[in-house]
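**Q** model this:
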Amino acid sequence: MSVKIRLQRHGKKQKPFYWIVAADARSKRDGKYLEKLGTYNPNTNPATIDLNLDQAVQWLHNGAQPTDTARAILSYKGALMKHHLDGGVRKGALTQEQADAKLAKWLEEKAGKVDTKKESLSKAQEAAKAKALKAEKAANEKRAAAAVEAAKVVAEEVAEEVAEDTAVEAVADETPEVVAETATEEAPAAEEVVAEEAPAVEAAVEETPEVVAEVATEEAPETPAAEETTEETEA
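**A** Numbering: from 1, shown residues only. As a prediction, this is how the structure comes out:
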């Protein structure tokens, strides 16, 4: 029976979560498996891998063939390195202590690389967060400045309207006084006109009988002529 080390899909839609399993090559991908060796979560950065190193290496010793993705995971966690060193120990190329020391050194270097990557990612996230906060602060300051400017414009408009209303009220309050002053100024002028015209009117009244008498005297001679005309008519 050929055995494969592969991934078995679990999790939710668009959020996969995988089990690392040793299964019969003839079984379905998500079917029965011989042993669960660990988990793989690609939703984090870096990906989270939990692997039983010794069991994975044992399956490799027994001839299990990993898929491409499983091989990358096993290499990342040092399973392939341990499998290679164990082969050297079986051949007598090195002792078990030497193999363990090399493996520990390799795992330490790998952990350092992972930590460095995590730090760089953390710094990048902090920088992105600081940049976003700075942009948000600038936008808030811009909105605040615009609000202050708008409030200033409104205040100026209100002040202009209040000034206009005050001017209108002042004019309305002064109108009766102006009318009274105008009437007071015009009254003496009217009295003066009447006083000036009064003697002329009196003189005209006094002269009226004389004028009437003169007119009567001028028209009187015409009467005899009228009588003569009457006499001629009778004759």
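**Q** Which parts of the chain are strands?
**A** 3-12, 15-24, 35-41, 48-51, 65-66 (DSSP state E).
**Q** can you list the residues that contact the second one?
**A** Counting by Cβ atoms under 8 Å, 6 or more residues apart in numbering, strand 15-24 makes contact with 1-11, 31-43, 51, 56, 59, 64, 70, 73, all of which sit outside it. Heads up, the C-betas are built off the backbone N, CA and C, glycines and all.
**Q** Dump it to CSV, restricted to CA.
**A** Provided in CSV are the C-alpha atoms of strand 15-24 (Å, rounded to 0.1, in the frame of the first residue of the first chain):
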residue,chain,number,x,y,z
LYS,A,15,-11.4,30.4,5.1
PRO,A,16,-9.8,27.0,4.7
PHE,A,17,-8.2,25.1,7.4
TYR,A,18,-6.2,22.0,6.7
TRP,A,19,-5.2,18.8,8.5
ILE,A,20,-1.8,17.2,7.6
VAL,A,21,-2.5,13.5,7.3
ALA,A,22,-0.9,10.3,6.2
ALA,A,23,-3.5,8.5,4.1
ASP,A,24,-3.8,5.8,1.5
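**Q** Could I get the average pLDDT for that strand?
**A** Mean pLDDT, strand 15-24: 93.
**Q** Now it: buried residues?
**A** Judged by neighbour count (16 or more other Cβ atoms under 10 Å), strand 15-24 contains these buried residues: 17, 18, 19, 20, 21, 22, 23.
**Q** what about the residue nearest the centre of the chain, distance to residue 136?
**A** Note on the chain: the residue nearest the mean C-alpha position is residue 143, at 7.4 Å, using Cα atoms, centre = their mean. For residue 143, the distance to residue 136 (Cβ to Cβ, to the nearest Å) stands at 10 Å.
**Q** and what of residue 38?
**A** 41 Å.
**Q** neighbour count winner among these two?
**A** With other Cβ atoms under 10 Å as the criterion, residue 38 and residue 136 differ in neighbour count, and residue 38 comes out ahead with 19 against 10.
**Q** wait, doesn't that one sit right on residue 50?
**A** Yes. With contact defined as Cβ atoms under 8 Å, residue 38 reaches residue 50; the gap is 4.9 Å.
**Q** and residue 51, what are its bridge partners?
**A** residue 38 (DSSP bridges).
**Q** Count the neighbours of it for me.
**A** Residue 51, neighbours per other Cβ under 10 Å, totals 18.
**Q** Could I get the contacting residues of it?
**A** 20, 37, 38, 73, 74, 77, 79.
**Q** I figured the second one was touching residue 50, is that so?
**A** No. Using Cβ under 8 Å, residue 37 is not in contact with residue 50, being 9.5 Å away.
**Q** And these two? Which one has more around it.
**A** Higher neighbour count among residue 37 and residue 50: residue 37, with 26 against 11, using other Cβ under 10 Å.
**Q** where are the low-confidence patches of this structure?
**A** For the chain, the stretches flagged by pLDDT under 70 are 1, 171-235.
**Q** Could I get the full set of helices for it?
**A** Remark: helices assigned in the chain by DSSP state H are 53-61, 68-77, 79-91, 96-219, 222-234.
**Q** Look up the closest residue to residue 79, ignoring the ones flanking it.
**A** In space, not counting the residues next to it along the chain, residue 79 is nearest to residue 56; the distance is 4.5 Å by Cβ to Cβ, 6 or more residues apart in numbering.
**Q** try residue 53
**A** residue 79 (5.7 Å).
**Q** ok now do that neighbour, which residues does it touch?
**A** 51, 53, 56, 57, 60.
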